[in-house]
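the following comprises the amino acid sequence and a computationally predicted model.
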Amino acid sequence: MAEFHKLIARLKTALESPAPSEPHAASSNSAASMPIAPSAQRVELVSGFAREFEAVRGSFLGVLSPEEAAARIASLAREVGARLVAVGEGVTLDAAVFTHALQEGGCAVERFGKLDDGERPAALERLARCDIGIAEAHYAIASTGTFAVVGAPARPNSLTLLPPISVIVVHVERLVLDLAQALGALGPDLVSAHRLSLITGPSRTADIEKRIVLGVHGPKTLYGAIIWPRNG
Amino acid sequence: MARSPAKADFFEASRKAVADHELHRKLQSASDRHLDHVDETRAEFPPFESERDTARRIKEESIAHLDELLIELRRRLEENGCSVFFAADAEQARNYIVGVAKKNGLKRAVKGKSMTTEEIGLNRALIEAGLEVTETDLGEYIVQLRGEPPSHIITPAIHLSKEDVGALFAEKLQMPYTAEPEELTAEARKRLRSAFLGADLGITGANFAIAETGTLVVVENEGNGRMSCTLPDTYVAVVGIEKVIPKLADLSHFLEILARTATGQKLTTYTNFINGPRRAGELDGPREVHVVVLDGGRSAMLADPVMREALYCIRCGACLNVCPVYRRVGGHAYGSTYPGPIGSIVSPNLFGSAAGHLPFASTLCGACRDICPVRIDIPRMLLHIRWKESEDETRAIPWPRGAARARSGVVRFARLARHPRVARMLGRIAGAFLRPFARDGFLRRMPPPFNNWTAVRDFPVPRPRVRRDTAQEADSSGRVP
Amino acid sequence: MDEVALFPTCLAEEFFPEARDAVLVVLERLRLRVRVVRRAFCCGQPAFNEGFRAPARDLARRLVKSCEPGMPLVVPSGSCTSMIKVFYPELFADDPEMLARVQALRPWVFEFSQFLVDVLKVKYVGARFERTVAYHPSCHLLRELKIREQPRTLLSAVNGIRLVELGDRDECCGFGGLFSVKFPHISGAMLGDKLARIRASGANTVVANDCGCLMQIRGGLHRAGDAIETRHIAEVLAAR
Ligand code: SF4
């Protein structure tokens, strides 16, 4: 494409004007390998996460075993009168535990798999009609109360976007201290191959007189839980 | 160009804005609220200062290797399945996007908040091509309903009160009047949700483009950006060439400072990573992703060693909120997509001499540089633009008479001041001449060219005095006898 | 060091002679001999800021040549000090000979309050000033020279003074040199808010280190018929 080469030529000329030309240092000093927190640190990370998550108006469900989480979610669904709940495939967990609990509680559960392009609009409409969307995050960031949610065919990104109530869980071993650690843990390969969203609290706006209103386009309510299996 | 201000427009527009006390109140209170949040979040994050330095360094390096980085970005984006188009100017960018819309037979576009698309005047081009275009950021939606451009790069409707929005919604959306932000937001949600589900084209800008992974990063709070890049089948991102950063690991340094200064949050609600179209079998994401990489005057800024710094801007908008001029005239008076301090730098570069007055409309107070997360030395650049403007006769921009007089007056004063003795003598003569007209040492009214001074405050009559030989005592009122 | 040079600045010479005199009083009380620079009148900032570097250079050259490195040059103005210390090197970037002179002079140039606190290590000058004072930090002083605490240190050590805060994030008063007459409406709006803050603070005196700000604020107060007074910081420190 001619325009591209013209542009690059323009930039090269522009860059010839007096300018610092230090080596193009890879500024990454934090591409750490997956930092798995030892359990003493975990407690701190958990309490830090809970505090920050609440600070961004998330509702923290607690540190729960998968079964406890499933029961908690099922009772939540009852409380809000949910009829249709979307459940994404787990990352470390078997999402069946949530599905069963919800179905026992009388909810219809929407699951996902590979679909054809033709089925897509209807699938999106269905997801938009779900009352709750449930997803497991790849990582969570303690210092900001953030979930890093990675999309996959059975765990669509819009699971945490379209339903008005969102529940995101994360395995305790995947709790990291800060953003740099999270990006390091995710790594370039995962990031370039999947749809990733960092989610910090429910959807919000401050566009009218800088007053905060929740749920403008995405979920108005965001529940979060940390999964700490009994034997973990 | 998009909305090139007419000549001398800033004077007119800013005069009107200053007279609007209601506007002033709204700007002040929203800006102060913003700055309070910024102060808080910064104070509880000790590494803030060092993150600023790191982010700045990464920008310096990225911009200094822009050519290589863009080559890499293009390669990676294409590997990820995106179509990449490099647009030399706004027109090429518009034509390309309109072409995509025509080729795919697109009808309904939803847009995330994007100043770059404002800059290239994309909406009008799409509407003229027969598309329906809906701005979906709440603030953008509001100003679109009013038929206005945004007045702030982060808070587009900062110039409106909740009552203004209530009246607007009552009129345009036929809903019962309310000034409750909750209810207004709920109404917008309802309307825009169906726009999202019915759209076939999604458009956003991007805050960062990561060369290493071929990823665009879109930062937002509402979820509309996420919708725009997830739901419609065709997605277009319009990205300035300066947005590229080398590595994924670099991103955290920017995210740690961007939200803290832009909105006083630690992190925005959503940070969306976009790499390419959806893969086979996936529910999410467009079938086609087009990345329009825009020069539009930026390479000229790159070539200027002083202006280059403006390319480090991460569009956090904080310099607007802290600017004493912006806080009084608001965004529309600037007549440019980019108002405020950073706007006064980039507008003349992007939009030409029609924005020529803007670099002069500053007291050079430096508040913008202090708050800028990447420490852009805006006052210094304003000075440089002023030099170019004032010293190059061929660029001379037309000034209103009063301002033109002041400008020639200052040159005359400088010539006079080369002769200190003459200057002092003239001061004494002027003092003696003016004293009879003064009331306790001040003049209320003066003839041109000084009438612009007395338009808003009294003028003290010169009282030059020769040096005393010895120190004298001052009394406790502070006056030296 | 017992001799210092004083560059009074054009505004002080023409409009604030009492400020200039007060600087002399304070310095002489500190047992310094003061040599007033008479061969230069203006640092060149007004023309420089408007974009006219050539006439500014003429004035700058004059000033630099009237001063000697090795003798402290005291300037009772934040913006004129920053003109010399920060902007002269830019002004003479293409003139190696002048640039060398400027660089030699720069470390010897001090804003008045900076000179007292940082060089002389003086905090208490035996002043008495029984008024309620709001200190307005001028922009160049604060943001170009980063002089934040020195004036407050000096003021808080004045007998009988009551200091109050303006609480407006140290916002500009709207003077800005030629800005004040090219954009009088914006300058006036900024001034109006500054005056409102001053009144709300309960101060009966406004103190600043810059005659530009003082001229703007004093002119505004006088226009409003307000009894609140304005003082250069040196006047407060000279008061007994
Ligand atoms: S110049 Fe700095 S403060 Fe202003 S918008 Fe850009 S990054 Fe933010």
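Sure, I can see it. These numbers were taken from a predicted model, which means no experiment stands behind them.

go through stretch A:129-145 and flag the buried ones.
A:130-145 (16 or more other Cβ atoms under 10 Å in any protein chain shown). C-beta: built from backbone N, CA, C; applies to glycine.

before we move on, what's the pLDDT of residue 59?
Picked chain A for this. Here the pLDDT value assigned to A:Ser59 is 98.

nope, chain C please
Taking C:Leu59 on its own, its pLDDT is 98.

longest helix of chain B, counting residues only.
Counting residues, the longest helix found in chain B (DSSP state H) is helix B:21-43.

and C:Ala196, how many neighbours?
12 (other Cβ atoms under 10 Å in any protein chain shown).

state the distance from it to chain A.
Distance, C:Ala196 to chain A, by Cβ to the nearest Cβ, to the nearest Å: 22 Å.

that residue: what secondary structure?
The three-state assignment at C:Ala196 reads helix, by DSSP: H, G, I helix; E, B strand; the rest coil.

over to C:Arg231?
Going by three-state DSSP: C:Arg231 is strand.

from C:Ser180, how far off is it?
With the distance defined as Cβ to Cβ, to the nearest Å, C:Arg231 ends up 20 Å from C:Ser180.

what's the first-to-last distance across stretch B:275-287?
End-to-end distance of stretch B:275-287 (Cα to Cα, to the nearest Å): 12 Å.

buried set for it?
Those buried within stretch B:275-287 under the rule 16+ other Cβ under 10 Å are B:Asn275, B:Gly276, B:Pro277, B:Arg278, B:Arg279, B:Glu282, B:Leu283, B:Asp284, B:Gly285, B:Pro286.

could you pull out the helices for chain C?
Per DSSP H, chain C carries helices over the ranges C:10-15, C:17-29, C:45-50, C:53-65, C:78-82, C:88-91, C:96-105, C:112-114, C:139, C:150-156, C:179-182, C:184-201, C:211-223, C:233-238.

for A:Val87, phi and psi?
With angles defined as degrees, to the nearest 10, A:Val87 sits at phi -120, psi 130.

test my guess that it contacts A:Arg111.
Yes - with contact defined as Cβ atoms under 8 Å, A:Val87 reaches A:Arg111; the gap is 6.0 Å.

which stretches of the stretch 151-300 of chain B form helices?
Counting by DSSP state H, counting those that start in this stretch, the stretch 151-300 of chain B has these helices, from start to end: B:162-172, B:181-198, B:224-230, B:248-262, B:298-303.

any chance of these in a markdown table, plus mean pLDDT, distance to chain A and mean neighbour count?
Listed next are the helices of the stretch 151-300 of chain B as a markdown table, based on pLDDT from 0 to 100; distance: least, Cβ to the nearest Cβ, whole Å; neighbours: other Cβ atoms under 10 Å in any protein chain shown:
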| stretch | mean pLDDT | distance to chain A | mean neighbour count |
| --- | --- | --- | --- |
| helix B:162-172 | 96 | 5 | 17 |
| helix B:181-198 | 95 | 4 | 18 |
| helix B:224-230 | 96 | 5 | 30 |
| helix B:248-262 | 97 | 3 | 25 |
| helix B:298-303 | 95 | 4 | 21 |
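
got the domain boundaries for chain C?
Chain C breaks down into these domains under automatic domain parsing: C:3-119, C:132-238.

turn these into CSV, columns for distance to B:Pro348.
Shown next, in CSV, are the domains of chain C (distance: least, Cβ to Cβ, whole Å):
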stretch, distance to B:Pro348
domain C:3-119, 13
domain C:132-238, 17
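
compare those and give me the one nearest B:Ser353.
Across the domains of chain C, B:Ser353 has its closest neighbour in domain C:3-119 (14.1 Å, Cβ to Cβ).

distance between that closest one and the chain's centre?
Averaged C-alpha coordinates place domain C:3-119 at 10 Å from its chain's average position (Cα atoms, centre = their mean, to the nearest Å).

residues in contact with B:Asp36?
Shown in contact with B:Asp36 (Cβ atoms under 8 Å, 6 or more residues apart in numbering or on different chains): B:Gly264.

swap in the one 5 residues further on?
Under the criterion of Cβ under 8 Å, 6+ apart, the contact partners of B:Thr41 comprise B:Arg260, B:Gly264, B:Gln265, B:Lys266.

what about the second one, how many neighbours?
Going back to what we said before, that points to B:Gly264. Using other Cβ under 10 Å: B:Gly264 sits among 20 other residues.

hmm, B:Val38 and it touching each other?
Yes - using Cβ under 8 Å, B:Gly264 is in contact with B:Val38, at 4.6 Å.

how close does the residue nearest to B:Thr230 when sequence neighbours are not counted sit to the ligand?
Leaving aside its sequence neighbours, B:Thr230 sits nearest to B:Asp284 (Cβ to Cβ, 6 or more residues apart in numbering or on different chains; 5.1 Å). The gap separating B:Asp284 from the ligand is 31 Å, by Cβ to the nearest ligand atom, to the nearest Å.

ok, B:Arg298 next?
For B:Arg298, the distance to the ligand - Cβ to the nearest ligand atom - is 14 Å.

try B:Tyr338
9 Å.

so who does that residue touch?
B:Met115, B:Glu119, B:Ile153, B:Val346, B:Ser347, B:Leu350.

what pLDDT does it get?
Confidence score, pLDDT, at B:Tyr338: 94.

confidence score at the residue nearest to A:Asp117 when sequence neighbours are not counted?
Once flanking residues are discounted, A:Asp117 sits nearest to B:Arg287: 7.1 Å by Cβ to Cβ, 6+ apart. Note on B:Arg287: pLDDT of 95.

chain A versus C:Leu73, what's the distance?
According to Cβ to the nearest Cβ, C:Leu73 stands 32 Å off from chain A.

gap between that residue and C:Arg57?
19 Å.

same check on B:Ile203?
Distance, B:Ile203 to C:Arg57, by Cβ to Cβ: 50 Å.

show me what counts as buried in stretch B:442-450.
Of the residues in stretch B:442-450, B:Phe442, B:Leu443, B:Met446, B:Pro449, B:Phe450 count as buried by neighbour count, 16+ other Cβ under 10 Å.

would you confirm that the third one contacts B:Trp453?
Yes - if you go by Cβ under 8 Å, B:Met446 and B:Trp453 touch, sitting 6.5 Å apart.

need the overlap of contacts for these two.
With Cβ under 8 Å, 6+ apart as the test, B:Met446 and B:Trp453 both reach B:Phe459.

A:Ala71 contacts A:Ala101, correct?
Yes - the criterion here is Cβ under 8 Å, and A:Ala71 meets it with A:Ala101 at 5.9 Å.

which one of these two is surrounded by more residues?
Neighbour totals were compared for A:Ala71 and A:Ala101, and A:Ala101 leads with 21 against 17 (other Cβ under 10 Å).

that one is in contact with A:Ile73, isn't it?
Yes - if you go by Cβ under 8 Å, A:Ala101 and A:Ile73 touch, sitting 6.6 Å apart.

now stretch B:370-379 - C-alpha only, CSV.
Only the C-alpha atoms of stretch B:370-379 are listed here, as CSV (Å, rounded to 0.1, in the frame of the first residue of the first chain):
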residue,chain,number,x,y,z
ASP,B,370,2.0,20.3,36.5
ILE,B,371,-1.0,18.0,36.2
CYS,B,372,0.0,16.3,32.9
PRO,B,373,0.6,12.7,33.6
VAL,B,374,3.4,12.5,31.0
ARG,B,375,4.7,15.9,32.0
ILE,B,376,4.2,17.6,28.6
ASP,B,377,5.7,21.1,28.7
ILE,B,378,2.7,22.8,27.2
PRO,B,379,3.8,26.4,28.1
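
who touches it?
Around stretch B:370-379, the neighbours that count as contacts under Cβ under 8 Å, 6+ apart are B:38, B:52-53, B:55-56, B:59, B:257-258, B:260-261, B:309-310, B:312-314, B:316, B:318-319, B:322, B:341-342, B:344-345, B:362, B:364-366, B:368-369, C:143.

quick check, the residue nearest to B:Thr230 in contact with B:Arg278.
Yes - counting by Cβ under 8 Å, B:Arg278 is a contact partner of B:Asp284 at 5.8 Å.

joint contacts of these two?
Residues touching both B:Asp284 and B:Arg278 (Cβ under 8 Å, 6+ apart) are A:Arg195.
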